[in-house]
Every structure is written in structure tokens, then in C-alpha cells.
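Colleague: After the sequence you'll find the predicted model.
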Amino acid sequence: MNSSNDPNHAPLRDVAQNPEATARYLADVQRVLLDIGRNLEALALETRVHCRDTHVEGDRFYDAWLRAQPVERALKDVLKHVEGVSKGLEKSAFKRRAHDEAVANTAKKRKEKELEKRRKNAPPLQAAPQNPPQHGGQAPNSGYGVPTSIYDLGNRESA
């Protein structure tokens, strides 16, 4: 159904929508980059040998080496960037999969947060007080129990 005549067709849309397809695609690109990297390493080695062996009449022993350094450094930088891109592709595949997992877990986390919020904001059920307030000169924690009848008041006052 994705044809070249479809105006809404994007070549990598299906790949971008599926984390496994994205990982496969990025792995293919990484393989190509690693092959390019190996070729660049061989080129850098051959360039190094050639540039260091190129001597001009009147050169001191290190002049060829000094002329070769900028070329070698440039190729080394290219290799470093190829390796960085390769690592970035691998990291991107992991981040893509983590994104889908985070999206899948978001609804669950939101429900848990909502339940926790309801628990926090709901007024707790008030149980009947264990000890009714006593109006005498009694301290609330004096060790006396609540009287069972008005005849058990002792030194305390009645209401």
C-alpha cells in the first residue's frame, strides 16, 4: 500500500514506528559504517607509509614525517568520527526501545499516581475517640481509666 505514487508515503515511516525495525535498520547502517571504518584504517596506514617515505632532496630525516602529520591527523579524526557515529547509532537503537517501553508504562504510572493522590487527599475515617476529653484538673495521660458509672467518680467531678 506504500507506493511511490502515494503522496503521504515516507520511506522510513514504517521503520520509525517500530522499535525492532529501527534497531535492524540502524544495525545495517552501523555495519556499513564499520566496513567504511575498516577501509579508512587501511587507507590511513597506506597513506602514512607513502607520506613518510616521500623524501625531497635536501630533507632532514624528520621533514617527511612532519609533512605527513597533518594528513595522518586528518584521517585519524575521520576514523574517530566514524567510530562516534557508529556508537551513536547503537545508542539510538537502545533509546528508541526505551522510549516505547516508557510509553507503554506511562498509563500504568499515571494510574498509580492518581491512586496515591486520592489516598493522600481523601480524609481519613475518624474512629470514635478512645478516651473522651476529661474536664477535671486531670492530665490526659494520668494513668486513670474512664469511670464506668457516676458512682465510680472518686475525687473527680461529675458533669
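Modeller: On my side now, so go ahead. Residues are numbered from 1 along each chain as shown.
Colleague: What segments of this structure are strands?
Modeller: Counting by DSSP state E, the chain has no strands at all.
Colleague: give me the low-pLDDT residue ranges for it?
Modeller: 1-4, 124-125, 127-150, 152-154, 156-159 (pLDDT under 70).
Colleague: which helices and strands does the lengthiest helix in the chain pack with?
Modeller: Ordering each helix of the chain by length in residues (DSSP state H) puts helix 63-121 first. When contacts are defined as 3 or more Cβ pairs under 8 Å, 6 or more residues apart in numbering; DSSP states H and E, helix 63-121 packs onto helix 19-53. All C-beta spots, glycine's among them, are computed from the backbone N, C-alpha and C.
Colleague: that older thread, what's the offset of the longest helix of the chain from the middle of its chain?
Modeller: Put simply, helix 63-121 sits 9 Å off its chain's centre (Cα atoms, centre = their mean, to the nearest Å).
Colleague: and the angle from that helix to helix 19-53?
Modeller: 160 degrees (axes from the mean of the first three to the mean of the last three Cα atoms, to 10 degrees).
Colleague: do you know how far the residue nearest to residue 21 when sequence neighbours are not counted is from residue 6?
Modeller: Counting by Cβ to Cβ, 6 or more residues apart in numbering, residue 21 lies nearest to residue 15, which is 4.6 Å off, once chain neighbours are set aside. The gap separating residue 15 from residue 6 is 16 Å, by Cβ to Cβ, to the nearest Å.
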